[in-house]
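Visitor: okay, here's the prediction I keep looking at, along with the sequence it came from:
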Amino acid sequence: MSSSPAAVNLHIRRMTAADLKRVVEIDSLSFSLPWPKSSFEYELKNPVSRLRIAEFEDQATMLILAGMICFWVIENEGHIATFAIHPDYRHKGLGARLLTHSLLEASQEGVELVYLEVRRGNQAAIQMYHDFGFEITGIRAGYYSDNHEDALMMTLAKIDPQVLQTRLEKFV
(Lines give C-alpha, C1' and ligand atoms only; values in the text may rest on other atoms or scores of the structure.)
Protein backbone atom coordinates (compact mmCIF):
# COMPACT_ATOMS: atom_id res chain seq x y z
CA MET A 1 0.00 0.00 0.00
CA SER A 2 1.29 3.45 -0.83
CA SER A 3 -0.56 5.32 1.91
CA SER A 4 0.88 5.63 5.39
CA PRO A 5 -1.56 6.46 8.16
CA ALA A 6 1.34 7.78 10.24
CA ALA A 7 1.39 10.89 8.06
CA VAL A 8 -2.33 11.48 7.75
CA ASN A 9 -5.27 12.32 9.96
CA LEU A 10 -6.76 9.32 11.76
CA HIS A 11 -10.46 9.37 12.55
CA ILE A 12 -12.06 7.14 15.15
CA ARG A 13 -15.82 6.84 14.97
CA ARG A 14 -18.71 4.52 15.70
CA MET A 15 -19.03 1.51 13.45
CA THR A 16 -22.12 1.42 11.23
CA ALA A 17 -23.75 -1.28 9.13
CA ALA A 18 -22.11 0.32 6.08
CA ASP A 19 -18.70 -0.64 7.56
CA LEU A 20 -19.47 -4.35 7.95
CA LYS A 21 -17.96 -5.60 4.68
CA ARG A 22 -14.58 -4.02 5.46
CA VAL A 23 -14.74 -4.94 9.17
CA VAL A 24 -15.41 -8.61 8.32
CA GLU A 25 -12.51 -8.48 5.84
CA ILE A 26 -10.13 -7.10 8.50
CA ASP A 27 -11.32 -9.69 11.01
CA SER A 28 -10.80 -12.51 8.49
CA LEU A 29 -7.30 -11.31 7.63
CA SER A 30 -6.42 -10.99 11.32
CA PHE A 31 -7.77 -14.11 12.97
CA SER A 32 -7.88 -17.82 12.24
CA LEU A 33 -11.31 -17.85 13.96
CA PRO A 34 -12.92 -14.66 12.64
CA TRP A 35 -16.34 -13.51 13.73
CA PRO A 36 -19.10 -14.03 11.17
CA LYS A 37 -20.84 -10.96 9.81
CA SER A 38 -23.90 -11.86 11.91
CA SER A 39 -21.87 -11.39 15.11
CA PHE A 40 -20.96 -7.85 14.14
CA GLU A 41 -24.58 -7.20 13.14
CA TYR A 42 -25.65 -8.41 16.58
CA GLU A 43 -23.07 -6.21 18.31
CA LEU A 44 -24.29 -3.14 16.42
CA LYS A 45 -27.61 -3.60 18.27
CA ASN A 46 -26.20 -4.79 21.61
CA PRO A 47 -26.49 -1.98 24.21
CA VAL A 48 -23.30 -3.07 26.01
CA SER A 49 -21.19 -2.93 22.82
CA ARG A 50 -19.04 -0.02 21.81
CA LEU A 51 -17.92 -0.67 18.24
CA ARG A 52 -15.37 1.76 16.88
CA ILE A 53 -13.41 1.92 13.68
CA ALA A 54 -10.18 3.69 12.78
CA GLU A 55 -10.00 5.24 9.35
CA PHE A 56 -7.67 7.67 7.66
CA GLU A 57 -7.52 9.72 4.49
CA ASP A 58 -5.03 8.54 1.91
CA GLN A 59 -3.18 10.86 -0.46
CA ALA A 60 -6.19 10.92 -2.78
CA THR A 61 -8.39 11.92 0.20
CA MET A 62 -10.17 8.57 0.14
CA LEU A 63 -11.18 7.19 3.53
CA ILE A 64 -9.48 3.89 4.37
CA LEU A 65 -11.03 1.80 7.15
CA ALA A 66 -7.93 0.32 8.77
CA GLY A 67 -9.01 -1.09 12.13
CA MET A 68 -11.85 -1.95 14.45
CA ILE A 69 -12.60 -2.75 18.08
CA CYS A 70 -15.58 -4.23 19.90
CA PHE A 71 -15.51 -3.13 23.52
CA TRP A 72 -18.21 -4.23 25.95
CA VAL A 73 -19.20 -1.98 28.85
CA ILE A 74 -21.00 -3.73 31.69
CA GLU A 75 -21.46 -1.45 34.69
CA ASN A 76 -17.93 -0.45 35.78
CA GLU A 77 -16.16 -3.20 33.82
CA GLY A 78 -15.00 -3.37 30.25
CA HIS A 79 -14.12 -6.30 28.05
CA ILE A 80 -12.32 -6.13 24.72
CA ALA A 81 -14.22 -8.70 22.67
CA THR A 82 -12.31 -8.28 19.41
CA PHE A 83 -9.75 -5.80 18.13
CA ALA A 84 -7.83 -5.81 14.85
CA ILE A 85 -5.86 -3.63 12.49
CA HIS A 86 -5.64 -4.50 8.80
CA PRO A 87 -2.28 -6.23 8.15
CA ASP A 88 -1.22 -3.48 5.72
CA TYR A 89 -1.45 -0.86 8.48
CA ARG A 90 0.01 -2.63 11.50
CA HIS A 91 3.06 -1.35 13.42
CA LYS A 92 2.21 2.26 12.62
CA GLY A 93 0.54 3.19 15.92
CA LEU A 94 -3.05 2.76 14.73
CA GLY A 95 -3.82 0.01 17.23
CA ALA A 96 -2.42 2.05 20.11
CA ARG A 97 -4.47 5.06 19.03
CA LEU A 98 -7.67 3.05 18.72
CA LEU A 99 -7.11 1.35 22.07
CA THR A 100 -6.28 4.67 23.76
CA HIS A 101 -9.44 6.23 22.41
CA SER A 102 -11.57 3.24 23.46
CA LEU A 103 -10.15 3.11 26.98
CA LEU A 104 -10.60 6.84 27.44
CA GLU A 105 -14.18 6.66 26.20
CA ALA A 106 -14.85 3.71 28.54
CA SER A 107 -13.41 5.60 31.51
CA GLN A 108 -15.79 8.47 30.76
CA GLU A 109 -18.62 5.92 31.09
CA GLY A 110 -17.35 4.86 34.52
CA VAL A 111 -15.36 1.78 33.51
CA GLU A 112 -12.59 1.10 35.99
CA LEU A 113 -11.46 -2.44 35.15
CA VAL A 114 -10.86 -3.95 31.69
CA TYR A 115 -10.42 -7.59 30.68
CA LEU A 116 -9.41 -9.36 27.49
CA GLU A 117 -8.13 -12.67 26.17
CA VAL A 118 -5.21 -12.86 23.76
CA ARG A 119 -3.47 -15.80 22.12
CA ARG A 120 -0.33 -16.80 23.98
CA GLY A 121 1.62 -16.58 20.72
CA ASN A 122 0.51 -13.05 19.81
CA GLN A 123 3.55 -11.32 21.26
CA ALA A 124 2.96 -8.00 19.48
CA ALA A 125 -0.51 -7.66 21.01
CA ILE A 126 0.67 -8.82 24.43
CA GLN A 127 3.44 -6.20 24.39
CA MET A 128 1.02 -3.44 23.39
CA TYR A 129 -1.36 -4.42 26.19
CA HIS A 130 1.55 -4.47 28.67
CA ASP A 131 2.46 -0.96 27.48
CA PHE A 132 -1.04 0.12 28.51
CA GLY A 133 -0.70 -1.44 31.95
CA PHE A 134 -2.50 -4.73 31.37
CA GLU A 135 -1.20 -7.64 33.43
CA ILE A 136 -1.54 -11.35 32.76
CA THR A 137 -4.00 -12.59 35.37
CA GLY A 138 -4.80 -16.08 34.16
CA ILE A 139 -4.66 -18.67 31.42
CA ARG A 140 -7.52 -20.30 29.57
CA ALA A 141 -5.91 -23.59 28.54
CA GLY A 142 -6.73 -24.71 25.00
CA TYR A 143 -9.12 -21.77 24.58
CA TYR A 144 -8.85 -21.46 20.79
CA SER A 145 -10.64 -24.29 18.99
CA ASP A 146 -8.61 -24.12 15.77
CA ASN A 147 -5.31 -25.19 17.36
CA HIS A 148 -6.08 -25.41 21.10
CA GLU A 149 -3.68 -22.56 21.83
CA ASP A 150 -3.96 -21.07 25.29
CA ALA A 151 -5.48 -17.64 25.83
CA LEU A 152 -3.80 -15.31 28.27
CA MET A 153 -6.31 -13.44 30.37
CA MET A 154 -5.14 -9.87 30.80
CA THR A 155 -6.52 -7.22 33.13
CA LEU A 156 -6.13 -3.49 33.36
CA ALA A 157 -6.90 -2.93 37.03
CA LYS A 158 -7.36 0.85 36.81
CA ILE A 159 -7.87 3.12 33.83
CA ASP A 160 -5.95 6.37 34.25
CA PRO A 161 -7.68 8.97 32.06
CA GLN A 162 -4.86 11.51 32.49
CA VAL A 163 -2.28 9.04 31.14
CA LEU A 164 -4.59 8.20 28.23
CA GLN A 165 -5.23 11.86 27.42
CA THR A 166 -1.47 12.54 27.42
CA ARG A 167 -0.99 9.53 25.14
CA LEU A 168 -3.65 10.84 22.73
CA GLU A 169 -2.03 14.28 22.62
CA LYS A 170 1.26 12.70 21.54
CA PHE A 171 -0.47 11.28 18.46
CA VAL A 172 -1.64 14.69 17.22
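Guide: Okay, I see it. Numbering: from 1, shown residues only.
Visitor: flag the shaky bits of the chain, pLDDT-wise.
Guide: Filtered on pLDDT under 70, the chain yields the residue ranges 1-8, 61, 172.
Visitor: mind naming the longest helix for it?
Guide: Among the segments of the chain that qualify as a helix by DSSP state H, the longest is helix 94-108.
Visitor: and for it, what are the contacting residues?
Guide: Identification of contacts with helix 94-108 by Cβ atoms under 8 Å, 6 or more residues apart in numbering yields 5, 10, 12, 50, 52, 54, 56, 66-69, 71, 73, 78, 80, 83, 85, 114, 128, 131-132, 156, 159, 161, 164-165, 167-168, 171. For the C-beta atoms, the positions are set from N, CA and C on the backbone; glycine is no exception.
Visitor: where do the strands sit along the protein?
Guide: Secondary structure of the chain (DSSP state E): strands located at 10-14, 49-57, 63-74, 77-85, 113-119, 135-140, 151-156.
Visitor: just put those in TSV and tack on mean neighbour count and distance to Ser28.
Guide: Below are those laid out as TSV (neighbours: other Cβ atoms under 10 Å; distance: least, Cβ to Cβ, whole Å):
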stretch	mean neighbour count	distance to Ser28
strand 10-14	15	22
strand 49-57	20	16
strand 63-74	20	12
strand 77-85	21	9
strand 113-119	19	16
strand 135-140	12	23
strand 151-156	20	20
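Visitor: which residues does Asn76 contact?
Guide: Counted by Cβ under 8 Å, 6+ apart, Asn76 has contacts Gly110, Val111, Glu112, Leu113.
Visitor: in space, what's closest to it - neighbours in sequence excluded?
Guide: Distances taken as Cβ to Cβ, 6 or more residues apart in numbering place Glu112 nearest to Asn76, at 4.8 Å, with adjacent residues excluded.
Visitor: the one you found touches Glu77, doesn't it?
Guide: Yes - at 7.4 Å, Glu112 counts as touching Glu77 under the criterion of Cβ atoms under 8 Å.
Visitor: quick one on the thing from earlier: buried residues in the longest helix of the chain?
Guide: 94-107 (16 or more other Cβ atoms under 10 Å).
Visitor: same list (those) but as CSV, adding distance to His148.
Guide: Shown next, in CSV, are the buried residues of helix 94-108 (distance: Cβ to Cβ, whole Å):
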residue, distance to His148
Leu94, 30
Gly95, 26
Ala96, 30
Arg97, 33
Leu98, 29
Leu99, 27
Thr100, 33
His101, 34
Ser102, 29
Leu103, 30
Leu104, 35
Glu105, 34
Ala106, 31
Ser107, 35
